[in-house]
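**Student:** No sequence on hand, only this structure:
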């Protein structure tokens, strides 16, 4: 092997990110819809579309469901039927698996540069509809059969905002010598997970890809991941050891895997979800002015237009629509020891853009309305999460949504350990799963939603006593 | 336990079926569409709908795909968005698990009575839209939490004819004393499987439910199932022992489970399938006369109307549309010993009504056009299946499609054992799976199509030397 071991400390990586941030020139400016280039409102539907018919469009949908308090509505939604790549290249140096990550700017990022997968490209990107440069490292994914595939899954995005969108989450193990281009850097899985414990540092695309790692293919390397990074504090360390047990123990779960499948089947039969396309101009409760398409109660989101200048991108200047959230949200898992192993309190949640009615979501997922003002008891477990004692908090960070579609959106990600007094009996659309069971479902399409996967990506398993 | 062991020999069951057939009065008469009661063509769309808006409707779809030779078309399709029950009650007598089965007539059945699940009901049925009697045994399924759920899955129906239709396949284990109503009979799983080795005796709904049994929950009872019925001949016996090994062995598969997931992910990214509703009256290449909606090339199917009289049903007389196939089809699995265990040659098949682009289908699935006239080489492996030597045939029967929707449709179901000279290298959308892997995918929604599941239901595993 002629390449050098690329080890950088986590502090090195953070200062490399800061450097990248200082070097790149970014200007994001809100503009009138009429200033959008290559985007227009289709005269017959009022849908906001790209002139090529590619990329994505903002359309209307009509939703009917028997889930929740509101049973029928119309809303704008992002339609992006293409399946894109979220791909990471890995390589072993001196017995440790390294991930080739990118310091990437997306127009909606709150802090410009975030750690992104090696390749992050829609089909329109990599087939060069925008006439920009070729996506770096694309050829490894096109020729995947020459490498070892460690993970390869179709995973959903936000069901409240995307219509049945999915991405191909893929991790390759490559043995070739690989050029490291500007803005790219090798890091271990342990380091990526550690960086997820810093606000808005690891982007959503990275988080979804690494959430899918089931440690079957990776098992022999797990120890090496964590040789580089271990939990710092006593509390983190105890929690990480508990997580490892919940990952490995297949015997002591409260419910069997088949029980949980049956529970999901029953709920999918009980809850109906019918969505139909409607022209955006016929969506009710939403208005449009020169700058925004907004919901009249200001609880959900706005569609805006931006002019983007990013010096480090294939195309350095463009305009595009983005989604701006009405406010900050919160996603939280409550975890409790049952039968001696950690169980995650999950809910089965219906969202209008879901492919198969419902997906497994965190205990609390509150992205619409201001959760700080939500009246107590309206959302199960929200009050518990907001009022628990600080020593129950195992993880708490702000995490960004995908900056290619969402404007400066960050949501609080929290994992709380519930004590013995927390009830095991819960409402019918909630359930207790071990980490082993969560990861088994994650292997298959459309079982865990993006918010649940983001939280899973933050979990650090301790495999040894820290030195 | 006060109930008597209900054991009947398989010969007893067959003569009970013959009796039922003699007793029930069935008249099925093709009628004009204008003679349909409570069904009409909607004036704006030309769709054939029930006056209640419930049950099912015949609508049009427009299909675009990059799979196969024809990339764009319109066709009629059955739209039945409700999820119905296909439910079987089981109970242990003297240590052996028995299944409560029904001798049921459906209007499309070629031979009237077939063995059906305990409960077979759409939501419109069991919510009594048709104002008929209450479905027998429904209360056990409504109150499933009082019993043990052995299996509970959402499974697809024919993707070429149904738009994203699924049923809830469910098996309950009940400990209560259960009344056995007229037309119902207890039988073992071994007996049901044995009866699947007789033409058109076990209906499609029964076959799909029992195909999902993974033998995890049932394992301790497997021996007992087969104590009652064992393969008769030397060839069957050898094949059954090989199947058991392919069910149990998790170590020697040609590909890992993750390899196969990755292969499916890749194909789902490669193949596009976009379906849109179109009014039935705008479907091209199809015509309507007083009696039929038919495709002008007569390769696919017809929509017809029938007047039904069945003396044993909740409602004894009604009219309804049915689908009549253009000809008999064939579904075949080729099985080959690789690494010392049987592997099934499967294909990933795109069908227009699929929920998620493609599903796992048998090696050969030929339901359109007359397979006997299909030119050699046009359909991979068809010639091999049609010309193999008789001693390679492990299973061959005619099996009926669902008689509630399909008129006298039977297709040949075949399992062929390929010899050493059969190539392991196969086209890209084909793959080799062990029975263990097939059944693992079968647990999840929308992985194995109904034709593959029908064939899986026929497989008998030998657990002991026949006495």
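**Tutor:** On my side now, so go ahead. Small disclaimer: the values here were computed from a predicted structure and weren't measured. Numbering: from 1, shown residues only, chains lettered A, B, ... in the order given.

**Student:** Leaving out chain neighbours, which residue sits closest to the closest residue to chain B within the stretch 251-400 of chain A?
**Tutor:** Nearest residue of the stretch 251-400 of chain A to chain B (CB to the nearest CB) works out as residue A:262 at 3.5 Å. For every residue, glycine as well, the C-beta is placed using N, CA and C. Distances taken as CB to CB, 6 or more residues apart in numbering or on different chains put residue B:152 closest to residue A:262, at 3.5 Å, once the chain neighbours are dropped.

**Student:** who are the neighbours in contact with the one you found?
**Tutor:** By CB atoms under 8 Å, 6 or more residues apart in numbering or on different chains, the contact set of residue B:152 is A:258, A:261-262, A:265-266, B:168-171.

**Student:** my read is it is in a strand, agree?
**Tutor:** Yes. Counting by DSSP: H, G, I helix; E, B strand; the rest coil, residue B:152 falls inside a strand.

**Student:** Without its sequence neighbours, what residue ends up closest to the residue nearest the centre of chain A?
**Tutor:** Residue closest to the mean C-alpha point of chain A, counted by CA atoms, centre = their mean, is residue A:204 at 4.0 Å. Leaving out its chain neighbours, the residue that sits closest to residue A:204 by CB to CB, 6+ apart is residue A:402, at 4.7 Å.

**Student:** Show me what from the stretch 251-400 of chain A comes close to chain B.
**Tutor:** By CB under 8 Å from any CB of the partner chain, the residues of the stretch 251-400 of chain A that approach chain B are A:258-259, A:261-262, A:265-266, A:268-269, A:272, A:274, A:355-356.

**Student:** What about the residues you listed, which are in strands?
**Tutor:** Using DSSP state E, the members of these that fall within strands are residue A:274.

**Student:** For residue A:238, identify the helix or strand it belongs to.
**Tutor:** helix A:234-248 (DSSP states H and E).

**Student:** buried set for that helix?
**Tutor:** For helix A:234-248, the buried set under the neighbour-count rule, 16 or more other CB atoms under 10 Å in any protein chain shown, comprises A:236-237, A:239-247.

**Student:** Spell out the residue ranges of the helices in the stretch 1-150 of chain A.
**Tutor:** Here the stretch 1-150 of chain A has its helices, by DSSP state H, counting those that start in this stretch, at A:10-23, A:123-126, A:138-142.

**Student:** Figure out which of these is closest to residue A:52.
**Tutor:** Nearest of these to residue A:52, taken as CB to CB: helix A:123-126 at 7.5 Å.

**Student:** Where does the stretch 101-250 of chain A get nearest to chain B, residue-wise?
**Tutor:** Nearest to chain B in the stretch 101-250 of chain A, going by CB to the nearest CB, is residue A:152, at a distance of 3.5 Å.

**Student:** beta partners for that residue?
**Tutor:** Residue A:152 has these beta-bridge partners by DSSP bridges: residue A:170.

**Student:** which outside residues touch stretch A:59-73?
**Tutor:** Stretch A:59-73 has contacts (CB under 8 Å, 6+ apart) with A:45-47, A:74-77, A:79, A:163, A:270-283, A:285, A:350, A:352-353, A:358.

**Student:** Neighbours of the nearest residue to residue A:87 once chain neighbours are set aside, how many?
**Tutor:** Nearest-residue entry for residue A:87: residue A:119, 4.1 Å, with adjacent residues in sequence omitted and distances by CB to CB, 6+ apart. If you count neighbours by other CB atoms under 10 Å in any protein chain shown, residue A:119 ends up with 25.
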